[in-house]
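Asks: Predicted model, plus sequence, below.
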Amino acid sequence: MERMIIFFALSFCSSMVLAAPSRRAVKYRQIFKTIEELGPTVKDKDVELLHTPENPMEGCLDTAVTCFKEGTLKLQPVNSQANATFAKAIRVISKFTFRGPGKCEFSCESYEKKTPKEFLKSFANLIKKV
């Protein structure tokens, strides 16, 4: 009887481990959530337009992520009240790393410039795709 209980407990625990999301998936979900939280706190008027990669090719995903990371450093908070949330989100995004296969021929400057809100929307779409 005891062996049966131990067997069921082990099988239950192992099925829970298999069902748990991967570390990478959790990290991407956190980045996506951070980008969504950053959206309302970003100044969108009278600011510098940012190079915005849209639909990058498969081998260029790491370059696109690098462009987005560099672009987020140029974002500005909408007001001083949003500054704490803004700073935390920028810190989380700046630590994000992505390694893609292959090398890309495109640079950040080759992408079209867009407003910060469109920039963040494209970044969120890229994270969803990855």
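Replies: Looks like it came in fine.
Asks: what's the least confident helix or strand in the chain, going by average pLDDT?
Replies: Of all helical and strand segments in the chain, the minimum by mean pLDDT, DSSP states H and E falls on helix 2-19, at a mean of 65.
Asks: Check which element follows that one along the chain.
Replies: helix 23-38 (DSSP states H and E).
Asks: Mean confidence (pLDDT) on that next one, please.
Replies: The average pLDDT for helix 23-38 rounds to 89.
Asks: which residues are contacting that helix?
Replies: Contact with helix 23-38 is made by 21, 72, 75, 85-86, 89-90, 92-93, 96, 120, 123-124, 127-128, 130, as judged by Cβ atoms under 8 Å, 6 or more residues apart in numbering. In short, each C-beta sits where N, CA and C put it, glycine included.
Asks: got it, and stretch 80-88?
Replies: E37, L38, P40, T41, V42, L75, P77.
Asks: Out of those, which is nearest to Y111?
Replies: Comparing the contacts of stretch 80-88 against Y111 with Cβ to Cβ picks out L75 as the nearest, at 16.3 Å.
Asks: Just the pLDDT at N79, thanks.
Replies: With respect to pLDDT, N79 has a value of 83.
Asks: Report the separation between it and I90.
Replies: 16 Å (Cβ to Cβ, to the nearest Å).
Asks: Neighbour count for the two, which is higher?
Replies: Between N79 and I90, counted using other Cβ atoms under 10 Å, I90 has the larger neighbour count: 18 against 9.
Asks: and that one, how far is that from T97?
Replies: I90 sits 15 Å away from T97, taking Cβ to Cβ as the criterion.
Asks: what does C104 give?
Replies: 16 Å.
Asks: Between the two, tell me which one has more neighbours.
Replies: C104 (18 against 10).
Asks: in what helix or strand does I90 lie?
Replies: Element membership of I90 [criterion: DSSP H and E] is helix 83-94.
Asks: following that helix, which helix or strand comes up?
Replies: With DSSP H and E, the next secondary element past helix 83-94 is strand 113-114.
Asks: so what does that next one touch, helix or strand wise?
Replies: With contacts taken as 3 or more Cβ pairs under 8 Å, 6 or more residues apart in numbering; DSSP states H and E, strand 113-114 sits against strand 50-51.
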